[in-house]
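A.B. asks: Sequence first, then the predicted structure, then my questions.
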Amino acid sequence: MSDPKVAVNLLWCVPGQVGGSEEYLARQLIGLGEAHAPFTVDVFVPRGYGRAHPEIGRRFRVVEAPDTGTRRSRRVALESSWLVRQSRGADVVHHGGGTVPTVSRRPIVLTIHDLQYRSYPQYMHPLKLRYLSRQVPTAVKRAKVIAVPSEYVRTSVCEAFHLDRDDVVVVPHGLEPGLGINATPEGELRARFGLSAKRVLVFPASTYPHKRHDFLLELMARHWTDPDLRLVLLGGKGLADAQVAAQIIALRLGDRVIRPGRVSAADRDGLIMLADALVFPSEYEGFGAPLIEAMALGTPVVASDRTCIPEVVGAAGLILPLDIEAWIDVPDQVIERGPELIAAGRLRAEDFTARASGEALSKAYTQARS
């Protein structure tokens with residue numbers, strides 16, 4: 001008897017454009033393979049995804065759509081036509097982007113990464129807000145099983161849509177084996193980004209308002225004034241990018257705040273590894289993958305006490321209220337408590353493996369078939 005067949009819809013997952021959810025789903029699938037889950041998996045992706053994630057193609061059949069997925073209208077049309085034909089015979093269809101197309105085979109596993117559109121609607125583009133407000137509730141009704149990245153999101157989803165907790169499965173982020181093994185050497189990064197031997201704090205996040213880049217810039221200007229301290233901001237441009245750029249100029253931080261933008265995985269890992277700490281003042285996260293990446297790479301974590309962040313970090317980092325006064329001594333604390341935080345972080349990161357993520361996803365697929 002052949003294994004049940006799962007069709008995974010990643011047509012929304014344009015490489016480099018969808019944030020942490022791209023790595024989340026990729027690591028889940030890697031873990032699904034490591035766990036030897038009893039499913040035959042076909043992964044449907046936008047054109048170009050295979051080049052960005054060759055590791056998925058080594059484990060599963062990857063089918064690229066005749067489109068890059070950059071236009072939502074085109075992608076939605078493909079999901080309700082091309083994808084339906086391609087997924088014929090699937091025992092489970094997994095939609096990984098938080099919504100379900102108008103036409104879809106069933107049963108459905110739906111991944112909801114977060115409910116930020118409900119908690120902070122003011123931080124979203126009006127068109128996207130309207131789209132999610134209309135589509136997510138409909139998708140929830142059509143799904144048999146909901147997959148979420150954290151207990152925080154599980155509780156949020158159950159309360160928002162009046163669901164039984166048994167119908168919502170936590171599929172945590174996982175780290176692939178060998179994270180950091182190909183990291184760019186420290187000396188090369190320091191030379192390229194003008195860091196010399198200076199102290200470094202790193203914040204990997206696109207410039208969305210809820211990430212609170214403004215909070216860190218205020219600290220750099222008013223309190224973290226050591227001339228040898230640098231703040232490295234990694235990530236793409238979000239809705240608050242212009243405000244971040246303007247604030248850097250207004251506060252005269254141009255020589256102390258480094259903005260490489262999006263970087264390769266090798267550079268990202270290397271910059272996190274050379275940093276004194278990863279600072280993470282986000283107001284809202286469904287999980288916060290950089291937190292566990294930093295812990296696994298041996299870098300102390302300092303983060304806000306909002307949403308799921310305390311759940312993810314546990315006692316392995318400094319969890320602080322999102323108040324300027326509480327963060328004033330952070331540069332000194334991470335030096336004084338560095339060895340303790342590094343050891344605790346490495347231990348905590350062991351709980352978040354790709355295999356564990358894959359096993360949880362396999363549970364969601366099994367539940368959907370029952």
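C.D. replies: Now that the structure is in, tell me what you want to look at.
A.B. asks: May I have stretch 191-208 as CSV, with CA atoms only?
C.D. replies: Extracted in CSV, the C-alpha atoms of stretch 191-208 (Å, rounded to 0.1, in the frame of the first residue of the first chain):
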residue,chain,number,x,y,z
ALA,A,191,36.3,44.6,6.9
ARG,A,192,33.3,44.7,4.4
PHE,A,193,30.9,46.5,6.8
GLY,A,194,33.4,48.8,8.5
LEU,A,195,33.1,47.2,11.9
SER,A,196,36.9,46.9,12.6
ALA,A,197,37.2,45.5,16.1
LYS,A,198,34.2,47.5,17.4
ARG,A,199,31.4,46.1,19.6
VAL,A,200,28.3,45.1,17.7
LEU,A,201,24.6,44.6,18.4
VAL,A,202,22.5,43.1,15.5
PHE,A,203,18.8,43.3,14.7
PRO,A,204,17.7,41.1,11.8
ALA,A,205,14.2,42.3,10.8
SER,A,206,12.6,44.0,7.8
THR,A,207,11.6,47.6,8.6
TYR,A,208,8.0,47.0,9.5
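A.B. asks: That one: how far from the chain's middle?
C.D. replies: Chain-centre distance of stretch 191-208: 20 Å, with CA atoms, centre = their mean, to the nearest Å.
A.B. asks: same check, this time on stretch 320-334
C.D. replies: That offset, for stretch 320-334, works out to 24 Å (CA atoms, centre = their mean).
A.B. asks: gap between the two ends of it?
C.D. replies: Distance between the two ends of stretch 320-334: 13 Å, counting by CA to CA, to the nearest Å.
A.B. asks: in that stretch, what's buried?
C.D. replies: Neighbour-count burial for stretch 320-334, counted by 16 or more other CB atoms under 10 Å, picks out 320, 327, 330-331, 333-334. Where C-beta positions appear, they are placed from N, C-alpha and C, glycine not excepted.
A.B. asks: Most widely separated two among these?
C.D. replies: Leu320 and Pro331 (13.1 Å; CB to CB).
A.B. asks: tally of neighbours for the nearest residue to Tyr284 once chain neighbours are set aside?
C.D. replies: Excluding the flanking residues, the one nearest Tyr284 by CB to CB, 6 or more residues apart in numbering is His210, at 4.6 Å. Counted with other CB atoms under 10 Å, the neighbours of His210 add up to 20.
A.B. asks: coming back round to it: let's have the buried residues of stretch 320-334 in JSON lines, adding pLDDT, secondary structure and distance to Leu11.
C.D. replies: Converted to JSON lines, the buried residues of stretch 320-334 look like this (pLDDT from 0 to 100; DSSP: H, G, I helix; E, B strand; the rest coil; distance: CB to CB, whole Å):
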{"residue": "Leu320", "pLDDT": "98", "secondary structure": "strand", "distance to Leu11": "39"}
{"residue": "Trp327", "pLDDT": "98", "secondary structure": "helix", "distance to Leu11": "40"}
{"residue": "Val330", "pLDDT": "98", "secondary structure": "helix", "distance to Leu11": "41"}
{"residue": "Pro331", "pLDDT": "97", "secondary structure": "helix", "distance to Leu11": "44"}
{"residue": "Gln333", "pLDDT": "96", "secondary structure": "helix", "distance to Leu11": "44"}
{"residue": "Val334", "pLDDT": "97", "secondary structure": "helix", "distance to Leu11": "41"}
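A.B. asks: what's the closest of those residues to Arg105?
C.D. replies: Closest to Arg105, out of all of the buried residues of stretch 320-334 and judged by CB to CB, is Leu320, at 46.4 Å.
A.B. asks: Skip the chain neighbours and tell me the closest residue to the closest one.
C.D. replies: Nearest residue to Leu320 in three dimensions, chain neighbours excluded: Ala326, at 4.5 Å (CB to CB, 6+ apart).
A.B. asks: Would you verify that the one you found is located in a helix?
C.D. replies: Yes. Under DSSP: H, G, I helix; E, B strand; the rest coil, Ala326 sits within a helix.
A.B. asks: Could you measure from it over to Leu219?
C.D. replies: 10 Å (CB to CB, to the nearest Å).
A.B. asks: Over to Asp351?
C.D. replies: Asp351 is 30 Å from Leu219, by CB to CB.
A.B. asks: neighbour count winner among these two?
C.D. replies: Set Asp351 next to Leu219 and count neighbours by other CB under 10 Å: Leu219 wins out with 20 against 15.
A.B. asks: wait, that one sits on Ile324?
C.D. replies: Yes. Look at Leu219 against Ile324 with CB atoms under 8 Å: they come within range, at 6.5 Å.
A.B. asks: And His95, its phi and psi?
C.D. replies: phi -100, psi 110 (degrees, to the nearest 10).
A.B. asks: OK, contacts around it?
C.D. replies: In this structure, His95 makes contact with 9, 101, 104, 108-111, 139, 143, judged by CB atoms under 8 Å, 6 or more residues apart in numbering.
A.B. asks: if you set the cut-off to 10 Å instead, what comes out?
C.D. replies: Contact partners of His95, counting by CB atoms under 10 Å, 6 or more residues apart in numbering, are 7-12, 79, 83, 101, 104, 108-112, 139, 142-143, 147.
A.B. asks: likewise Pro46?
C.D. replies: Pro46 touches 10-15, 17, 52, 64-70, 74-75, 78, counting by CB under 10 Å, 6+ apart.
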